[in-house]
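> Model the following, please.
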Amino acid sequence: MQIRRIETVHAIPGTLTLLVRWKDGVEDTVDMTQVIRRSASLHHLEDPSLFSKVDVIDWGCAVGWHNDLGYGADTLYEQVLLQSMKAAG
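From the prediction side, this is the model:
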């Protein structure tokens, strides 16, 4: 499996969705709603104003928010694949 690295990340305003641009130039949107609702440590990110403060951290190996909250690039890419499979049927 290819090692995924993140170039840029932005929250889509008013949502819990990320627009991720990978180092290979591919862009994906990732709806983080269910991940955030299932995780006690991420639960406070349900507030879109907090969620929007996302950044690339660890040299592209993760995205992160204040309070040292992070979500790994490989796990983020797994969400992309999972959401693609659900959309396909």
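> Skipping its backbone neighbours, what lies nearest Glu27 in space?
Nearest residue to Glu27, sequence neighbours excluded (C-beta to C-beta, 6 or more residues apart in numbering): Arg21, at 4.9 Å. (Each C-beta comes from the backbone N, C-alpha and C, glycine too.)
> isn't that neighbour right up against Thr29?
No: Arg21 is beyond contact range of Thr29, at 10.7 Å (criterion: C-beta atoms under 8 Å).
> any low-confidence regions in this structure?
1, 89 (pLDDT under 70).
> Please enumerate the strands of it.
In the chain, the strands defined using DSSP state E lie at 6-11, 17-22, 27-31, 55-57, 62-65, 69-72.
> and those strands as TSV, adding distance to Ala87 and mean neighbour count?
TSV is the format used below for these (distance: least, C-beta to C-beta, whole Å; neighbours: other C-beta atoms under 10 Å):
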stretch	distance to Ala87	mean neighbour count
strand 6-11	20	18
strand 17-22	14	19
strand 27-31	10	15
strand 55-57	25	17
strand 62-65	22	20
strand 69-72	21	18
